[in-house]
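*Asks:* here you go, sequence then predicted model.
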Amino acid sequence: MGCGNGGKLAELVREGAVASAGVDIGGNFITAPPPGVELIRGDLSNPDSLPELRGRTFDRILFLQSFGYAKDPVHTLRAARAMLNQDGFILLTRTQPIRYALERAEQNGTTLGEEYFAKADYTYRTGWNEHIALTKRTYTMSDLLNVFSTAGMWIETAIEPQLAEEAARRYPHKRAWMNKYLGILIFKLRPLASH
């Protein structure tokens, strides 16, 4: 969900994933996806409204840095949960919310606490294209956990990946950035039995 151009999904299929579908609102997909990759132009906010997904179930549903674009995160997660096979799970990544709070505090001359709990959207220039600005809704860890539980999901695993020592030595600027702003959170979510 939110697969961008589909390149990552194509890579996963080349490594063994089968019968995969990627959804992205942009529709600017790679030109020659490998067999087993279906790319669907649609909004991840309403996966239950996409005819190409109706009646289908999946072993895994991935939101790789895309979940923040859901208009109604609880609805989106519930709709995705309904598409899971019995033993399926959702893999969801989000930027560590402290990162945005720290960046806003530096930008606004405020404190980390003020910005962590601020409710205003946050707009910033991307590191990969200075002509593009992204706008994110701010959130706290408790906001995120409440979305998961309200949508009927529980966290099986949560990790905060760090650079491997060799990568940190090769890319000291990345180490410095992650030491200051932290990185992403990765959640493996499963449906609650009662939902």
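*Replies:* Looks like it arrived, so ask away. Residues are numbered from 1 along each chain as shown.
*Asks:* which pLDDT value belongs to the residue nearest to the spatial centre of the chain?
*Replies:* Centroid-nearest residue in the chain: Gln65, 2.7 Å away (criterion: C-alpha atoms, centre = their mean). Note on Gln65: pLDDT of 91.
*Asks:* could you work out the end-to-end span of stretch 38-46 for me?
*Replies:* 18 Å (C-alpha to C-alpha, to the nearest Å).
*Asks:* now that stretch: buried residues?
*Replies:* Leu39, Ile40, Gly42, Asp43, Leu44, Ser45 (16 or more other C-beta atoms under 10 Å). To be clear about C-beta, it is placed using only N, CA and C from the backbone, and glycine gets the same treatment.
*Asks:* so where's the protein uncertain?
*Replies:* 127-128, 194-195 (pLDDT under 70).
*Asks:* can you do 90?
*Replies:* 18-19, 27, 99-100, 103, 120-138, 161-164, 167-168, 171-183, 193-195 (pLDDT under 90).
*Asks:* select the longest helix from it.
*Replies:* In the chain, with assignment by DSSP state H, the single longest helix is helix 97-108.
*Asks:* picking up where we left off before, quick one: which of the buried residues of stretch 38-46 is nearest to Ile90?
*Replies:* Leu44 (12.1 Å; C-beta to C-beta).
*Asks:* on the three-state scheme, the closest one is what?
*Replies:* Secondary structure, DSSP: H, G, I helix; E, B strand; the rest coil: Leu44 is coil.
*Asks:* so who does the nearest residue to it once chain neighbours are set aside touch?
*Replies:* Counting by C-beta to C-beta, 6 or more residues apart in numbering, Leu44 lies nearest to Met1, which is 4.1 Å off, once chain neighbours are set aside. By C-beta atoms under 8 Å, 6 or more residues apart in numbering, the contact set of Met1 is Val23, Leu44, Pro47, Ile61, Leu62, Phe63, Ser66, Phe67, Thr76, Ala80.
*Asks:* now, these that are in helices?
*Replies:* Checking the contacts of Met1 against DSSP H, those in helices are Thr76, Ala80.
*Asks:* give me the outermost residue of the chain relative to its centroid.
*Replies:* Gly109 (28.8 Å).
*Asks:* hmm, back to that, give me the distance between the residue nearest to Leu44 and Ala80.
*Replies:* Distance, Met1 to Ala80, using C-beta to C-beta, to the nearest Å: 7 Å.
*Asks:* overlap of the contact sets of these two?
*Replies:* By C-beta under 8 Å, 6+ apart, the residues touching both Met1 and Ala80 are Pro47, Ile61, Phe63.
*Asks:* for the chain, what's the longest strand?
*Replies:* strand 84-95 (DSSP state E).
*Asks:* buried residues, it. List them.
*Replies:* Neighbour-count burial for strand 84-95, counted by 16+ other C-beta under 10 Å, picks out Leu84, Gly88, Phe89, Ile90, Leu92, Thr93, Arg94, Thr95.
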